[in-house]
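Visitor: for reference, the sequence and a predicted model appear below.
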Amino acid sequence: GINGVGGERLDRIKYLGADALYTVAGVDNVLSVDTAIVSNDPDAKIKYSLAEGSSLPEGMVLNADGSISGTPTAPGTYSFRVVASEDTNARYPYKDVYKNFRMTVYNKNAIPDQIIYEDINLGVIPQRAEYSKSIAGAVVFDDEGKLSTDITYKLADGSELPAGLELVDGVITGTTTASA
């Protein structure tokens with residue numbers, strides 16, 4: 001945001017990432033909707049809240065840092081809307097952005113035994129500029145319904161990233177050296 005003379009709030013917050021979340025009823029997993037960025041300041045702080053009229057599954061709560069914690073009590077598919085706001089004391093913060101999410105809560109006796117992976121919006125990759133974006137959105141459950149963190153990411157055979165970028169530990173990072 002900006003301090004000083006006001007006017008129309010600037011539209012600088014962008015919400016990226018997948019819009020689907022997965023967990024298991026009766027199991028305490030921490031999920032995240034923390035994928036918003038300020039386009040001209042990647043270090044800007046963002047705070048998250050539920051949009052008016054939205055709610056999470058019973059037993060879960062959205063924290064200001066974008067984490068969703070708690071233990072859902074019932075299986076099902078839930079929809080909710082999150083507000084990403086600039087966390088600042090500036091007089092004129094950037095415009096809030098909203099994103100709809102879908103959360104699937106599996107029954108403990110019907111836990112998927114395969115990898116779940118949704119497409120992730122990488123946004124615009126600027127030419128000749130530093131870029132860093134996590135694609136670590138795969139979901140794998142252990143036998144008890146806890147989310148696994150032991151996931152390896154690699155490019156599919158025959159795939160390549162733009163020159164100057166690489167995939168390391170689920171993050172595409174580098175400085176592009178050519179245009180498409």
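Guide: Here it is on my side, so go on. Residues are numbered from 1 along each chain as shown.
Visitor: so which bits of the helix or strand of the chain with the lowest mean pLDDT are buried?
Guide: Among the secondary structure pieces of the chain, namely its helices and strands, strand 130-134 has the lowest mean (mean pLDDT, DSSP states H and E), a mean of 78. Judged by neighbour count using 16 or more other C-beta atoms under 10 Å, the buried positions of strand 130-134 are 131, 133-134. Where you see a C-beta, it was placed from the backbone N, CA and C, and this is true even at glycine.
Visitor: same deal with stretch 139-154?
Guide: By neighbour count, with 16+ other C-beta under 10 Å as the criterion, the buried positions of stretch 139-154 are 139-141, 145, 147, 153.
Visitor: out of these, which comes closest to Gly174?
Guide: For the buried residues of stretch 139-154, the closest approach to Gly174 (C-beta to C-beta) belongs to Tyr153, at 15.2 Å.
Visitor: helix, strand, or coil at the closest one?
Guide: Secondary structure assignment for Tyr153 (DSSP: H, G, I helix; E, B strand; the rest coil): coil.
Visitor: how far away is the nearest residue to it once chain neighbours are set aside from Ala129?
Guide: In space, and not counting its chain neighbours, Tyr153 is closest to Gly170: 4.3 Å by C-beta to C-beta, 6 or more residues apart in numbering. Noted for Gly170: a distance of 21 Å to Ala129, by C-beta to C-beta, to the nearest Å.
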